[in-house]
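Peer 1: For reference, the sequence and a predicted model appear below.
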Amino acid sequence: MQKADIPVPRIKPPALQPGDMVGIVAPASNMQRDLLDAGCDMLRRLGYKPFYLDSIFDQDLYFAGSAERRARELEEMFVRDEVRAILCARGGYGANYLLGKLNIEKIARHPKVFVGYSDNTTLLTHFADSAGLVTFHGPMATKDFAHSDGVDLSSWEASLTGCPEWSVPSDSGMKPLVDGSEEGVLYGGCLSMLTASLGTPYEIRTQGTILFLEDVATKPFQIDRMLMQLKLAGKLEGVRGIIFGEMTDCVQQKKDQAYTLEEVVLRVVGDLGIPVAFGLRSGHVSQRNVTLPIGVRAALSVSSGEATLKILEAATAPAAVSARRRR
C-alpha cells in the first residue's frame, strides 16, 4: 500500500516574458552542436535570449560531461539572476547521477521555469516533490525547438506566462479510454523513469494526482510490466485519473500485431474506477510537443466522445512576487 504523501507547499517560478534569457543545460546525454544551434535559432525567433555554458559540449562516455559538471551547470543556471528559465537540451540517460549532488535548498531559493522530458523526468519529479517547485514537462532545445513544427506554442505560452486557467489544445491527440471526471494535481512524465524511482529515496509521490505517463520505442509487454510494477507498489492507489502520452513506436512489431497498446494498458488500469485517456502529445512525440505544468491542479474529463484536460490554476507567478521571495 502506498504511504500517504506528505504535502509540499508549491513554489511557482516567475513567469517567462518576451526578451527573457533562457539558460540551456545538458543534465544527461551529450548532444549535436548543429541541433543546439537550430534550437537556439528558434528560441531567438520566439523572442528569447538563449544562453549556455561552453562546458555543455563536454563528453564522458554517453554523458554530457561528468556528473559534477552537469550538477554545477544546473545549479548555476538556477542562481544566475539574468537567467529566467532553464531548458534541457535533450534527455538520453544520466540525470539520476545528479540527484545526490544537487543542493535542493538552493534551487528552492531561486525558483525558475524548468522544462524537459524523457530522462529529465527524474529532475521534474525530484524538484516537484523535494523542493515543491512547479516544473514543466515539455519541449527541449535539440529535440523540439530544433524543428519547425516541434513545439505546441499555445500550451507553452499558457503554461509559462501565468495563464490562470486553460485547456490542453483540442488537437493534442487525447482520446477516451475509461469515462469519468476527476480533479487532482498534474504529475508524471516518462514511464521508464517513474518506475525506476521505486525503492529509492526519490520515489515518486502519486497520491491525489492526475498521472501522466508516456514513453517511446518500448514494447507493449514492457509497458505492461512497468504499469504492473507501479500497481503492485501501490503507486496507482489514490491516483484520480491517468493520461497516457502518444507512446510513439511502442509496438511489438511494425506489422502483424494483433492487439493495440490501448488494450494492453486497459488490462492493468481499466479496473481502477478512474478516468483514463490516451494519446496526449507531450514528451516523445511526432510533432508539436505540448507543455504540461507538473504540480498544479487540473481536471480530467473523459466521455465516450472526447477527453479533455483543463489546467485550473496559473503555473507561474508574477516576476515581482518571485523576486521578493528570494530576498
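Peer 2: Yes, it's here.

Peer 1: Please point out which parts of the strand ranked longest in the chain sit buried.
Peer 2: Longest strand in the chain, counting residues (DSSP state E): strand 180-190. Using 16 or more other C-beta atoms under 10 Å as the burial criterion, the residues of strand 180-190 that qualify are G180, E182, G184, V185, L186, Y187, G188, G189, C190. Every residue, glycine included, has its C-beta placed from N, CA and C.

Peer 1: Strands of this protein, residue ranges please.
Peer 2: Per DSSP E, the chain carries strands over the ranges 21-25, 49-51, 83-88, 113-116, 135-137, 166-167, 175-178, 180-190, 209-214, 241-245, 276-280, 292-294, 297-302, 307-311.

Peer 1: could you pull out the helices for the stretch 101-250 of the chain?
Peer 2: With helices called from DSSP state H, counting those that start in this stretch, the stretch 101-250 of the chain shows them at 104-109, 121-126, 153-160, 191-196, 220-232.

Peer 1: between the ones you listed, which gets nearest to L35?
Peer 2: For L35, the closest of the helices of the stretch 101-250 of the chain is helix 153-160, at 18.8 Å, according to C-beta to C-beta.

Peer 1: In space, what's closest to V285 - neighbours in sequence excluded?
Peer 2: E246 (5.0 Å; C-beta to C-beta, 6 or more residues apart in numbering).

Peer 1: just Q257 next, same as before
Peer 2: Here the nearest residue to Q257 in space, its sequence neighbours aside, is V251; by C-beta to C-beta, 6+ apart that works out to 5.7 Å.

Peer 1: do E165 as well
Peer 2: Among residues not flanking E165 along the chain, L312 sits closest, at 6.0 Å (C-beta to C-beta, 6+ apart).

Peer 1: and what of H126?
Peer 2: Nearest non-adjacent residue to H126 (C-beta to C-beta, 6+ apart): Y202, at 5.5 Å.

Peer 1: Could you do L272 as well?
Peer 2: Nearest non-adjacent residue to L272, counting by C-beta to C-beta, 6+ apart: L236, 6.1 Å away.

Peer 1: still on that earlier bit, next one: the residue nearest to V285 from P111, what distance?
Peer 2: E246 is 30 Å from P111, where distance means C-beta to C-beta, to the nearest Å.

Peer 1: can you check E76 too?
Peer 2: Counting by C-beta to C-beta - E76 and P111 are separated by 15 Å.

Peer 1: Compare the two (neighbour count), which wins?
Peer 2: P111 (23 against 14; other C-beta atoms under 10 Å).

Peer 1: Might one say that that one is in contact with G132?
Peer 2: No - with contact defined as C-beta atoms under 8 Å, P111 does not count as touching G132 (9.1 Å).

Peer 1: Need the residues touching each of these two.
Peer 2: Residues within reach of P111 and of G132 at once, by C-beta atoms under 8 Å, 6 or more residues apart in numbering, are I11.
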